[in-house]
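**Q** After the sequence you'll find the predicted model.
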Amino acid sequence: MNNSKVDQLLKEFTPELENTSKSWYFIFLICILIFAFGIYGLVTQITEGHIVTGMRDHVVWGVYIVNFIFFMGLSYAGALISGVLHLFKSEWRKPIIRMSELITVISLVIGPVFILFCIGRLDRLHYLIIYPRIQSPITWDVIAISTDIIGCFIFLYLSFIEDFAYLRDYKNLNVKPWRKKIYRILSLGYKGTIIQKARIKRSKNIMAAMIIAIAIIVYSVLAWIFGVTLQPGWHSTIFGPYFVIAAVYSGTGLLIIIMWIYREIYHLEEYITLKHFVNIGTLLLIVGAFYGYFTFSDYLTKWYGSVKMDKKLIDALFTNYYGLFILANYVGVLVPIVVVGFRRFRNIRNITISAVITVIALWVNRFLIVVPTLETPYIPIQDTRSEWLTYSSTWVEWSLTMAGVAVFCMLFMLATKLVPIVSISELAEENERGLMRE
Amino acid sequence: MNKQKKEKMRNQYYISQLFFILCFFTTIVMVAETEAEEVEILEIYSDMSYLKQSDGNMQFTVVFTFDGEEDTEAVSNVPVSFYTNEDEPVKIAEVYTDMTGTAVLRIAPDYKFPLNYDGYFYIKAVFDGNEKFEGSESEISYIDISLDLSFDEIEGKKYIVAKAYKLNKSGGIEEINDEDVFFYVPRMFTRLPIGSGYLEEGKALLEFPTELPGDTIGKVTVVARIEDHSVFGNVEKISSVKWGIEKINTYSEDHRALWTEIAPKWMMITLMIMLSGVWGHYIYTIGQLFKLKKDA
């Protein structure tokens, strides 16, 4: 181990762990206020019932399920990207792999909570464990998500151990004693011996392969919750791969945004360069093209089949949801392709803007998958109030949505106060091999 | 001179621009005011129907609608007055429309409607209009008849028997003949038509279908109806008979769970292989973490 290099990296990155700026506190406070507003919304929903949401007889899934799919998608994308980058040993991955791993775990913690907001009888939630029905995609989902959460935590922890050990041993680290104690406990006595390194490496390789497989399976299972129903717009054989592609697309976009934010705040220009943005941007372009292809293929076959309800659904998408449809499936696909595809547009700012558009477009995409289909039922419920046939989200749903985003930001901020945002062990390994930063 | 000319041209340009802006805003204000003044009172449509229910109640349903921007919309929460006696209308009730624009009036069997010379009763539903909608009214006039429903076995065959009759002026029963009676069995979503009969000598017969599922004791509900008749309106009678096939509910004593026999085996095996593969690796990795601590 090149100790001088590790010391140099620790010297460079530990000030962010030791000192907290006023702006950090300010942003954190804003997140707490948003979170508190979400709690107020949740209390309102619990005391007054689901009537305070926009969900009614027909549209029984709304923004909550959209958020669930969205956050789970971000998580699976993070898992896929970090797993693939790890297994392929790309040198340029090292400054950004931790961000990807954090996206995975934090999104995975937040996503399933939105399901709880959606459930009317939370007192029966434990029935999923007591009376699981193997034929039900909901059971598949419960098994898959819990397996995924544990796998992602193990993978994240494996990548933290060496850094915990470095922080434990770094004498100049000026943090509270309890934090040093945490580093000592969590580093599991890691000393960097050859055997320990081999164990960590082997475990990380195994877990990287596992979380790639699990991510694909879990998001496919989530897609099958929709795909195995006979609802117009959902009953599709390509929904599994389509969901996986959409997940990777949105997660890649979020990774670019977080890369840009931390590059600006922590002044990581030396580590996160244009090359990183172009490489991840190229992934965004490729996945975006696949996403566009899947979307087109799905809607084309439905449109050409002219099944009554499918046709009605597509008509609704091109009339009532015209603007959102264009944003999700045209703007969201074409902007990253143009920005990354043409050299003259290919710079950090433009790639980040296109990533922001991608993330928004993919949230809208999930909304368009969930809501218009439920507004187009095969058997309309008789004697229903006309305003209950359509969905209109309420402030309660938006308060909890914003709270979810705020919690994501808070957990990310807290995590980057516990460990450096750039993996010291990965960079030190790079330097050991003499492969200097690219 | 040239400078003065330029100045003059500039002034003309400004004045013309100002004039244009004034005209533009004046036009907008005028259009807005015109629109504000022309609050259109919407024309509405009403449609009343009548049903003599199985329990003898007479149900009058009137629906008020208007042409919305995209589709027909309901006129909700407006008062509807019901009148009887065509020559000298007498108000008998006031009902507010619901969210679907529907007002329903039910008259108990013991109520005596004034009848005209031919024995027709008369009902008119009136909405007087308000600041948004024009008034509208709808009227109907029918002869009150009754249906009876019974079940007979004739020469080993099972028949549904519907009898239709009315009360004449002297209070005696007068058979109804030469009309169709339709028979239905209510199922989950709608009423299943099982056939029709023709009223002769006051009776309409239909052979009971042999393969009709009933409930657990074979009970089947049968509905007999005279429908959309120009003289009698809609009249129905509902009754039950234990002629259906008994439904046998099979309940498994096992509750549905992963470890019961009803779980599909192929799915269980696939799941077990996948989960054991994944969790095996997890356990191995966690074991490596313990060894890591041991190595220290």
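**A** Okay, I see it. Remember, predicted model here, so these are calculated numbers, not experimental data. Numbers count the residues shown, from 1 in each chain, chains lettered A, B, ... in the order given.
**Q** Could you measure from the residue most central in space within chain B over to B:Val241?
**A** What sits nearest the mean C-alpha location of chain B, by C-alpha atoms, centre = their mean, is B:Thr100, with 8.8 Å. Distance, B:Thr100 to B:Val241, by C-beta to C-beta, to the nearest Å: 34 Å. Every residue, glycine included, has its C-beta placed from N, CA and C.
**Q** can you check A:Ile286 too?
**A** With distances taken as C-beta to C-beta, A:Ile286 is found 69 Å from B:Val241.
**Q** same question, B:Ala204
**A** According to C-beta to C-beta, B:Ala204 and B:Val241 sit 16 Å apart.
**Q** Settle it for me: which of the two has more neighbours?
**A** More crowded of B:Ala204 and B:Val241, by other C-beta atoms under 10 Å in any protein chain shown: B:Ala204, with 25 against 17.
**Q** from what I can see the more buried one touches B:Ala164, true?
**A** Yes - using C-beta atoms under 8 Å, B:Ala204 makes contact with B:Ala164 at a distance of 7.3 Å.
**Q** Could you check how far the one helix or strand A:Thr147 maps to is from the centre of its chain?
**A** Using DSSP states H and E, A:Thr147 falls within helix A:137-169. Computed by C-alpha atoms, centre = their mean, to the nearest Å, the chain-centroid distance of helix A:137-169 equals 14 Å.
**Q** so how far is the helix or strand hosting A:Ile32 from its chain's centroid?
**A** Counting by DSSP H and E, the element that carries A:Ile32 is helix A:22-48. From the chain centre to the centre of helix A:22-48 is a distance of 21 Å (C-alpha atoms, centre = their mean).
**Q** helix or strand right after it?
**A** Reading on from helix A:22-48 to the C-terminus, the next helix or strand found by DSSP H and E is helix A:63-87.
**Q** now the nearest residue to A:Thr14 once chain neighbours are set aside: how far from A:Tyr127?
**A** Leaving aside its chain neighbours, A:Thr14 sits nearest to A:Leu173 (5.6 Å; criterion: C-beta to C-beta, 6 or more residues apart in numbering or on different chains). Distance, A:Leu173 to A:Tyr127, by C-beta to C-beta: 48 Å.
**Q** Looking at the two, which is more packed in?
**A** A:Leu173 (17 against 11).
**Q** which neighbours does the strand or helix carrying B:Ser239 have in its sheet, and in what orientation?
**A** Per DSSP H and E, B:Ser239 falls inside strand B:233-241. Its sheet considered, strand B:233-241 pairs with strand B:44-52 (parallel), strand B:220-229 (antiparallel) by DSSP bridges.
**Q** in the last one, what's buried?
**A** Right, the one you point to is strand B:220-229. Buried positions in strand B:220-229, judged by neighbour count with 16 or more other C-beta atoms under 10 Å in any protein chain shown: B:220-226, B:229.
**Q** Same question for stretch B:148-162.
**A** Across stretch B:148-162, burial judged by 16+ other C-beta under 10 Å covers B:149, B:151, B:159-162.
**Q** Ok, stretch A:321-328 next?
**A** Buried residues in stretch A:321-328 (16+ other C-beta under 10 Å): A:321, A:324-325, A:327-328.
**Q** Could I get the average pLDDT for that stretch?
**A** The average pLDDT within stretch A:321-328 is 92.
**Q** residues contacting the residue in the stretch 151-296 of chain B that chain A sits nearest to?
**A** Residue of the stretch 151-296 of chain B nearest chain A, by C-beta to the nearest C-beta: B:Ala296 (2.7 Å). Contacts for B:Ala296 (C-beta atoms under 8 Å, 6 or more residues apart in numbering or on different chains) come out as A:188-191, A:196.
**Q** What is the most widely separated pair among the residues you listed?
**A** Spanning the widest gap among the contacts of B:Ala296 are A:Leu188 and A:Lys191, at 10.1 Å by C-beta to C-beta.
**Q** between those two, who's got more neighbours?
**A** Counted by other C-beta under 10 Å, A:Leu188 and A:Lys191 do not tie: A:Leu188 has more neighbours, with 20 against 14.
**Q** Averaging pLDDT per element, find the lowest-scoring helix or strand in chain B.
**A** Ranked by mean pLDDT, DSSP states H and E, the weakest helix or strand in chain B is helix B:2-37, scoring a mean of 64.
**Q** I appreciate the help and will end here.
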